[in-house]
Structures are given as structure tokens and as C-alpha cells.
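Would you be able to build a 3D model of this:
(chains A and B)
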Protein chains: 2
Amino acid sequence: MRYGVLGTGDVGRALAGKLVELGHEVTLGSRTKDNAAAVEWADAAGPTAHHGTFADAAAFGEVVVNAVGGRVALTVLRSAGEDHLDGKVLLDVSNPLAIEEGELRLSPVESDSVGEQIQREFPGARVVKSLNTVNCQVMVDPSRVPGEHQIFVSGDDEGAKEQVTALLGEFGWPERRVFDLGGIRTARATEMYLPLWVNLMQGMGHADFNVEVRRAR
Amino acid sequence: MRYGVLGTGDVGRALAGKLVELGHEVTLGSRTKDNAAAVEWADAAGPTAHHGTFADAAAFGEVVVNAVGGRVALTVLRSAGEDHLDGKVLLDVSNPLAIEEGELRLSPVESDSVGEQIQREFPGARVVKSLNTVNCQVMVDPSRVPGEHQIFVSGDDEGAKEQVTALLGEFGWPERRVFDLGGIRTARATEMYLPLWVNLMQGMGHADFNVEVRRAR
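Model prediction:
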């Protein structure tokens, strides 16, 4: 499968690298055509790894992955081009966080989410929110963390969620550990989990963790 | 120990009932002296169970438990009386939720929390936020849910957190499963977890669950 991954940060490179490892062809997209991190990544990752602009990556992908920060997601997706997203599964792994005066802040929060913003602005895209509740190393290698910990999916398009669930399976998340929260509106819930994730990370001193939902029945 | 439990809803009665069972003496407080639910509870729970106003309950308790909704917590605590809270451990188990037009809403959220609001308005109280991430039946009987799932505490007063940790132990939460998130500011994190809790509850069709933090190291 061909993937367009938007964002050359740790998250984008981790996802793009894993996709290439799995045998997919990937274009890693950035603001400029000659982004140093993207060029270096593509050179190192081999012949099925390419780099380009956000628009190049989105045009290339049969599936598009939003791996830029949640606060710039709409701007980046606009520059990727609505035509290049139409009808495609758009996996959004972002969180709308920023550190302001030493404090973690989320925006949007509570009455909206990045997942919903994207779906509203690009109604032709089949948006699925997932993977935003774990560190990027855990995203693509859940076996780093012991136990039957879960990954969540939110989206309005059932077929798109099935496709993302299959991709999560390739990453190492068996279907029994993929928890479908419901429509894209439930992206609010996983985005709002971020402050707890940050406090847990600070408490443990590392990001190699995830939560397992324990249930009586 | 003498406890004052504010709030005669499911949460207040579950906590008050468990405290009496454990051998403590409890006054369950409500807006009025003759609240039907409180009278009925006290009659059924035996000679160490009393009822009264919020002020009666707060005056009675060596430890005060806020078990009213987060949105009315400040109003209720004002009527309980600052003098009755001064120097005492004040365990806040509330969440600031409301359903507005069929949607879950939180207020305050993100830049503030009920835990912080209470600590700011009652600086003499030793506020600890805890138990707000599980259903009230799980609060007082964590063995309903299998696994090493955790309960979180947030607060600025280390001694108060130790006292609450001991109480959690009486409820069935061993110390190894009490996760100290830090100061009262981290109450934001557990209050913001509520939307995910609600989506999980909706997905499973019941509230008999909790999360276990799984970690690589």
C-alpha cells in the first residue's frame, strides 16, 4: 500500500519507518520539498521511502497519516490539498498540545477536538483518530509494554475504522486490543486523556507505558 | 475516625456506608437537616451513622469527603463552613460534569479543576483529589475489577496524601496501586479523563472497570 505521512518529527518518522519496514511505500511530507530530516530519512530508509511536500505526500498516499501537531493540523492539511484527501482514509494521530508559560495547554478542548475539526473541514476524507494515547515508539511496537493494553479508534466511517484496525494489526496491536470508542466526536476523549498521560510520564520518568482497561465482565 | 461525608447521592452513600462498615463514625450531610435519603441511610446503617446539614457533617468529621457534584462543590463547601474545614483533610472525589443538550460537558476544564478551586478558596483545608476516575461501587470495592488497576491521588499536602492513601488501603486499594500524580494541579488530569471513562462505559455497557497502567520498566 502507498502511504503519505505528514510531519517529519519523531512521530512522523517513527510511523513512516515502520510502514517501510512492513513493505509499504511511503512519502514523508513536510512544509518544504527539501526538508533535511525528510531527505535524511528517505535516504536511510531505502528505495520505497520518498520525501516531498505535504501535497506530494498526500497525493502519493492511498492512505494519509496526519503526524503533525494538532494545533497546525488544519493548516498543514489545507496545504496538502483537499483533492488529495478526498475519499481517502486519513489517520489522525495528533494531540492539540502546547506548553504555555510552563503549563500544558490543549486547544481545542472539551467542546471540540482536532479529529472533529479535520472531519468538518475535509468532509470527503474518512478521518480516523487513533494512536494519540501512546508515545510514538509504543505506537509502532506495542510489545515494548507488557500486558493487554489497548489502543483506541474514533471515526464516523466504519470501513475506514476497519482499515485502520488492520493497519494497527500490522503494527502489533491485535484486533482484540483495538477499542472502538464510536464516532469521531469521541476523539475529544482521547485528546483530553493527554494531561493524565503527561502526569503519568512525569511520575514514571519515561514514556514506555500504556493503559489496559480492566473489566469485571 | 470521624468522617463528614457531603452529598447524599450514590457516591456519598456508597462512601459513607463503607466507612461505617469499616468501623468509623459518619455524618452524612445534605442541604437540609431532614433530607429523606440521608435519614433513611442513617436509620439503616446503625448507631455510628448520623445525618445532618453540610455544616453538621463538616463540623463532625475529622476528615471531610466532598461527594457532591463538582459544579456545586464550592457552594456546598461554603455552606459547610470554612471553619469546619480548617486544618482537616478534605477528600474531593467529584467531577465537574453536566449533560447539556445531550452532550457531556466539563466546567472547569483544562486551565483549572475543581480540586484547585477548592484548595484556592479554602487554603486551610488539606485537599486531596482521588477516586474520581472510578464508579462509586469500584471506589469502595476495587476487587470487583480484576487486575492491578490503579487509583490516583493529587494534592499539595504530603501528609494529607498519606492519610488518604491509608484510607484507600482500608477501601481495598493497596499502597502499590495508589499512583501519586503530584500537586493538586494534577487534578486537572483526572477530571479530564472523565470523557474517556464515559466512552469506555458506553462501549462496555457497564461501569465495573478501571485502567491499569502497564509499563515497560
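
quick one: pLDDT of A:Pro142?
Residue-level confidence at A:Pro142 comes out at 98, pLDDT.

Oh, that last question was meant for A:Asp180, not what I typed.
So A:Asp180 comes in at 98 (pLDDT).

out of all of them, which helix in chain A is the longest?
helix A:158-171 (DSSP state H).

Tell me if the following helix or strand past that one is near chain B.
Under the assignment DSSP states H and E, the closest C-terminal helix or strand after helix A:158-171 is strand A:178-182. Yes: Strand A:178-182 is in contact with chain B by CB under 8 Å from any CB of the partner chain, via A:179-182. For the C-beta atoms, the positions are set from N, CA and C on the backbone; glycine is no exception.

before we move on, the earlier item: quick one: contacts of the longest helix of chain A?
Residues outside helix A:158-171 that contact it (CB atoms under 8 Å, 6 or more residues apart in numbering or on different chains) are A:18, A:22, A:63, A:89, A:91, A:126-128, A:130-131, A:139-142, A:151, A:153, A:155, A:175, A:178, A:180.

Among the residues you listed, which are located in helices?
Checked against DSSP H, these include these in helices: A:18, A:139.

Quick one: buried ones out of the contacts of helix A:158-171?
Among the contacts of helix A:158-171, the ones that count as buried by 16 or more other CB atoms under 10 Å in any protein chain shown are A:18, A:63, A:89, A:91, A:126-128, A:130-131, A:139-140, A:142, A:151, A:153, A:155, A:178, A:180.

Among these, which ones are in strands?
In this view, the buried ones among the contacts of helix A:158-171 that belong to strands under DSSP state E are A:63, A:89, A:91, A:126-128, A:130, A:151, A:153, A:155, A:178, A:180.

Same list (those) but as TSV, adding distance to B:Leu168.
Formatted as TSV, these follow (distance: CB to CB, whole Å):
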residue	distance to B:Leu168
A:Val63	45
A:Val89	44
A:Leu91	39
A:Arg126	44
A:Val127	40
A:Val128	38
A:Ser130	33
A:Ile151	29
A:Val153	33
A:Gly155	37
A:Val178	32
A:Asp180	32
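
I'd like to know which of those is nearest to chain B.
A:Asp180 (7.1 Å; CB to the nearest CB).

Do you know the pLDDT at the closest residue to the closest one other than its chain neighbours?
Spatial nearest neighbour of A:Asp180, excluding adjacent residues (CB to CB, 6 or more residues apart in numbering or on different chains): A:Val153 at 5.3 Å. pLDDT recorded at A:Val153 is 98.

what bridges to A:Val153?
Beta bridges link A:Val153 to A:Ser130, A:Asp180 when assigned by DSSP bridges.

Please apply the same query to A:Leu28.
A:Val5, A:His51.

Contacts only, for the nearest residue to A:Arg177 once chain neighbours are set aside.
In this structure, A:Arg177 finds its nearest non-sequential neighbour in A:Gln150, 5.0 Å apart by CB to CB, 6+ apart. Neighbour list for A:Gln150: A:177-179, A:210-213 [criterion: CB under 8 Å, 6+ apart].

List buried residues within those residues.
Buried members of the contacts of A:Gln150, scored by 16+ other CB under 10 Å, are A:177-179, A:210-213.

which of these sit farthest apart?
Greatest spatial distance among the buried ones among the contacts of A:Gln150 (CB to CB): A:Val178 and A:Val211, at 14.0 Å.

Could you find the closest non-adjacent residue to the most centrally placed residue in chain A?
Chain A has A:Val93 as the residue nearest its centroid, 2.1 Å off, counting by CA atoms, centre = their mean. Nearest residue to A:Val93 in three dimensions, chain neighbours excluded: A:Leu131, at 4.3 Å (CB to CB, 6+ apart).

Wait, the one you found touches A:Met139, no?
Yes: using CB atoms under 8 Å, A:Leu131 is in contact with A:Met139, at 4.7 Å.

what is in contact with these two at once?
Common neighbours of A:Leu131 and A:Met139 (CB under 8 Å, 6+ apart) are A:Val93.

still on that earlier bit, look up phi and psi at the residue nearest to the centre of chain A.
Taking degrees, to the nearest 10, you get phi -110, psi 10 for the backbone angles of A:Val93.

follow-up on the earlier one: please give me every residue in contact with the residue nearest to A:Asp180.
Counting by CB under 8 Å, 6+ apart, A:Val153 has contacts A:128-130, A:161, A:164-165, A:168, A:178-181.
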